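Trainee: sequence and predicted structure are below.
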Amino acid sequence: MRLINISCEHKNPKKISVCACIGYFDGMHRGHQALIFETVEMAKKNHCESAMITFDPDPWVTLRDMSNVRHITTMRQRMNMAVELGIENIVVLRFTKQMAALEPDVFVREILGQLDLRGIVCGFDFHYGAKGAGNCETLRQQANCEVRVVEAVTDEKGKISSTRITEEIEKGNLEEASRMLGYEYQLEGLVIHGRHKGTGMGFPTANIRYSSEYILPPAGVYAGYARIGNKKVRAMINLGHNPTLNYTENLSLEAHLIGWNGDLYGRMITLHLVSRLRNEKKFKNRSNLIMQLDQDLRDTRKLLNAYERSLSETDERTPQ
């Protein structure tokens, strides 16, 4: 994967022939994936490399002077997912007020023109340039290459969007969020040392330092998986304040990896949250908490057994 940074001040020194999709891509949901699949196909047809053009920071940060914009995915996650889907180049536009003020034709000429674009893919509602004056039609007129427009990816409730997915995550409805994402909702972070309270109760946990950028589900216990490198392990996940033994002001994220014995300190880990088991609650004593954790572990295994059976049945019904 090649990372290309483009700004108003620093020009891209080497033009690379690419077919590219453009957008912010928060969540990399099924709608975004449609753009990427179209881009990869276009690149193969044009015998060039594929690229994803995105913005940093989030345009809302620049346009509305917002400093606390939260997202479904971090930039790192979006880049990694794009590469997994076949994108070969990530083009990051350093989105400043200067870039935001460019007229649409100037944006195309001076910013996108730093690439040798053989084709560009955008969503039907894509806008660019000062005050969002540019759209798919003006892009077709201004870009010196083929422009493909991907229509909305919809379900029975309408357009699949980052807004809808955010609403489901914040309600704790991870099954619905994951359905629209096209993959299990994920939180990524670095494993750090905790107070080892879980180890003393027979439930050792990986304490995870995650980005404050994330949109989070409600505090509680979740069934899911932990991915460490290429390994994916069942996990009982807790997001909360730990009110019984180890209260924290900020929401802590920790996971008990079922059957895992390796050392994780200092490693990046990705948690896949499948389903919410229960709300967070404060217990009268340590013994009551342990009894509940035993039940949570049984519930986690039961839920994941059913989840894995459903995935297997879906694979069997899918034509090869």
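Mentor: Ah, there it is. Just so we're clear, the structure is a prediction, and the values are computed from it rather than from any experiment.

Trainee: what lies in contact with stretch 62-82?
Mentor: 1, 3, 25-29, 36, 52, 54, 56-58, 60-61, 90, 95-97, 100, 162, 165-166, 169, 181, 185-186, 188, 211, 213-215 (C-beta atoms under 8 Å, 6 or more residues apart in numbering). Every C-beta, even on glycine, is put in place using the N, C-alpha and C of the backbone.

Trainee: so which elements touch the helix or strand containing Gln33?
Mentor: Using DSSP states H and E, the element containing Gln33 is helix 30-46. With contacts taken as 3 or more C-beta pairs under 8 Å, 6 or more residues apart in numbering; DSSP states H and E, helix 30-46 sits against strand 17-22, strand 49-56, strand 116-123, strand 146-150.

Trainee: same thing but 10 Å
Mentor: The contact analysis (3 or more C-beta pairs under 10 Å, 6 or more residues apart in numbering; DSSP states H and E) places helix 30-46 against strand 17-22, strand 49-56, helix 75-84, strand 116-123, strand 146-150, strand 154-155, helix 162-171, helix 174-181.

Trainee: name the residues of stretch 67-79 that are buried.
Mentor: Of the residues in stretch 67-79, His71, Ile72, Thr73, Thr74, Met75, Gln77, Arg78, Met79 count as buried by neighbour count, 16 or more other C-beta atoms under 10 Å.

Trainee: what does stretch 237-252 give?
Mentor: In stretch 237-252, counting by 16+ other C-beta under 10 Å, buried: Ile237, Asn238, Leu239, Gly240, Asn242, Thr244, Leu251, Ser252.

Trainee: distance to Gly229 added to those residues, as CSV?
Mentor: Output for these, formatted as CSV (distance: C-beta to C-beta, whole Å):
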residue, distance to Gly229
Ile237, 18
Asn238, 23
Leu239, 23
Gly240, 27
Asn242, 28
Thr244, 33
Leu251, 26
Ser252, 24
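
Trainee: still on that earlier bit, just the buried residues of stretch 67-79 now: which is nearest Gly132?
Mentor: Distance to Gly132, by C-beta to C-beta, is smallest for His71 among the buried residues of stretch 67-79, at 20.1 Å.

Trainee: please report the distance of that closest one from Tyr24.
Mentor: 9 Å (C-beta to C-beta, to the nearest Å).

Trainee: which residues do these two both contact?
Mentor: Asp58, Arg78, Ser162 (C-beta atoms under 10 Å, 6 or more residues apart in numbering).

Trainee: residues touching Leu297, list them.
Mentor: Counted by C-beta under 10 Å, 6+ apart, Leu297 has contacts Gly202, Phe203, Val221, Ala223, Arg234, Met236, His256, Ile258, Leu277.

Trainee: please name the nearest non-neighbouring residue to the first one.
Mentor: Going back to what we said before, that points to Gly202. What sits nearest to Gly202 in space, not counting adjacent residues and going by C-beta to C-beta, 6 or more residues apart in numbering, is Ile290, at 7.2 Å.

Trainee: for that neighbour, give me the pLDDT.
Mentor: pLDDT, Ile290: 91.

Trainee: neighbours of it, how many?
Mentor: Residues lying near Ile290 (other C-beta atoms under 10 Å) number 15.

Trainee: mind listing what's buried in the helix or strand harbouring it?
Mentor: Taking DSSP H and E as the criterion, Ile290 maps to helix 286-317. Residues of helix 286-317 classed as buried: Leu289, Leu293, Asp296, Leu297, Asp299, Thr300, Leu303, Leu304, Tyr307 (neighbour count, 16+ other C-beta under 10 Å).

Trainee: all set now, cheers.
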